[in-house]
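> have a look at this fold, sequence not included:
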């Protein structure tokens, strides 16, 4: 039997916990979400990230009967969205659905970020991974990756590649480094703009995300030469990886992940992660992954934090080696 005097401190402790923010958070998470959730997306409507966010949102609504609002804050290489998410209340009702652009590449591409990709956020889970494809016009003289490398070595600085995202730009720079070639970079506002100029003959090559490149590859206007990750794309099973095609060590995909503002209560993060894991397996997300040539990829918060740190180093190395000065 507990001594009555000893019981008092335990009761006092229990009473204190009942009033503590931690208890309130634990209680709040039991009913989370009780109102609509906002997904902040750093890119325009119809972008791959936006399509995935809408698919996940649809599934979360089915699971919880709460609406999910997708808020597209495009521009400034994703910085506007990341800054808005970082400043949002840490209650689980604002979620950043983002990519390597805001969480791994920007810190090396810009001298001053209006957010800290590590300190301002709590990782929730990875969501998906995709690859990019090296494309040329169907009537171009290059039938293989080896043809491109030979042409670039024969005329240094004469061939050009376009890019409309940090993933596309850094993928092109990595190709130059690992193939020991000099190819001129031409920047665009987005990958679809670069594809238009590629089709028009203003540029020679580009490495674009499969979601943007596939329609033109399927229609026969663009030729797919090599895939950017170490595993072939299920959408392009006959196209070798760049590594297989002779650009040894090449591996540059892109990824999607979910983050919440730092300070969000742990039980809320755990519940949100559970909802997102279910959503990545849902019909809407599966349809997106299949058409975009991407695949579902989920993690624990800790795994995502470690993965993000490794990716930031990798992107930093490539950007530095490419001689890209931070803006």
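Sure thing, it's come through. Because the structure is a prediction, the values reported are computed rather than measured. Numbers count the residues shown, from 1 in each chain.
> need the longest strand for this protein.
The strand spanning the most residues in the chain, taking DSSP state E as the definition, is strand 121-130.
> tell me which strands the helix or strand following that one pairs with, and in which orientation.
Helices and strands here follow DSSP states H and E; after strand 121-130, the next one along the chain is strand 132-137. On the basis of DSSP bridges, the sheet neighbours of strand 132-137 come out as strand 205-209 (antiparallel), strand 222-227 (antiparallel).
> what's the most buried one of the ones you listed?
Of those, the one with the most neighbours on average (mean count of other Cβ atoms under 10 Å) is strand 205-209, at a mean of 28. (C-beta placed from N, C-alpha, C; glycine too.)
> check the offset of the next helix-or-strand element following that strand from the chain's centre.
Sequence-wise, the next helix or strand downstream of strand 205-209 (DSSP H and E) is helix 210-218. When C-alpha coordinates are averaged (Cα atoms, centre = their mean, to the nearest Å), helix 210-218 and its chain have centres 19 Å apart.
> and helix 210-218, what does it pack against?
Judged by 3 or more Cβ pairs under 8 Å, 6 or more residues apart in numbering; DSSP states H and E, the packing partners of helix 210-218 are helix 48-64, strand 132-137, helix 191-200, strand 222-227, helix 283-292.
> and those, which is most packed in?
Of the helices and strands packed on helix 210-218, the one with the most neighbours on average (mean count of other Cβ under 10 Å) is strand 132-137, at a mean of 25.
> pLDDT on it, on average?
Confidence over strand 132-137, taken as the mean pLDDT, stands at 97.
> the longest strand of the chain pairs with which strands?
Short version: by DSSP bridges, strand 121-130 pairs with strand 254-261 (antiparallel), strand 295-296 (antiparallel).
> which one of these has the lowest average pLDDT?
Mean pLDDT is lowest for strand 295-296 among those, at a mean of 93.
> so where's this structure uncertain?
Low-confidence segments of the chain, defined by pLDDT under 70: 1-29.
> residue ranges of each domain in it, please.
Following automatic domain parsing, the chain resolves into domains at 36-129+254-321, 132-227.
> out of the ones you listed, which gets nearest to residue 248?
Nearest of these to residue 248, taken as Cβ to Cβ: domain 132-227 at 6.8 Å.
> can you redo the strands paired with strand 132-137 as TSV with distance to residue 235?
As requested, those are arranged in TSV below (distance: least, Cβ to Cβ, whole Å):
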stretch	distance to residue 235
strand 205-209	12
strand 222-227	9
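> nearest to residue 151, of those strands?
That would be, of these and by Cβ to Cβ, strand 205-209, which comes in at 9.7 Å.
> highest average neighbour count across the strands paired with strand 121-130?
Taking mean count of other Cβ under 10 Å as the contact definition, the stretch among those with the greatest mean neighbour count is strand 254-261, which reaches a mean of 25.
> relative to helix 210-218, how tilted is that strand?
Strand 254-261 runs at 150 degrees relative to helix 210-218, counting by axes from the mean of the first three to the mean of the last three Cα atoms, to 10 degrees.
> tell me how far the helix or strand following strand 254-261 lies from the chain's centre.
Once the chain leaves strand 254-261, the next helix or strand it forms, by DSSP H and E, is helix 266-280. Here helix 266-280 is found 18 Å from its chain centre; the criterion is Cα atoms, centre = their mean.
> just the buried positions in helix 266-280, please.
Residues of helix 266-280 classed as buried by neighbour count (16 or more other Cβ atoms under 10 Å): 267-269, 271-273, 275-276, 279-280.
> show the contacting residues for the most centrally placed residue in the chain.
With the centre of the chain defined as its mean C-alpha position, the nearest residue by Cα atoms, centre = their mean is residue 99, 2.0 Å away. Residues in contact with residue 99, defined by Cβ atoms under 8 Å, 6 or more residues apart in numbering, are 42, 49, 78, 167, 254-257.
> ok so, going back, out of the helices and strands packed on helix 210-218, nearest to residue 90?
Sorting the helices and strands packed on helix 210-218 by Cβ to Cβ, the top spot, which is the nearest, belongs to helix 48-64 at 18.9 Å.
> roughly how far out does the closest one sit from the chain middle?
Using Cα atoms, centre = their mean, the mean C-alpha position of helix 48-64 is found 15 Å from that of the whole chain.
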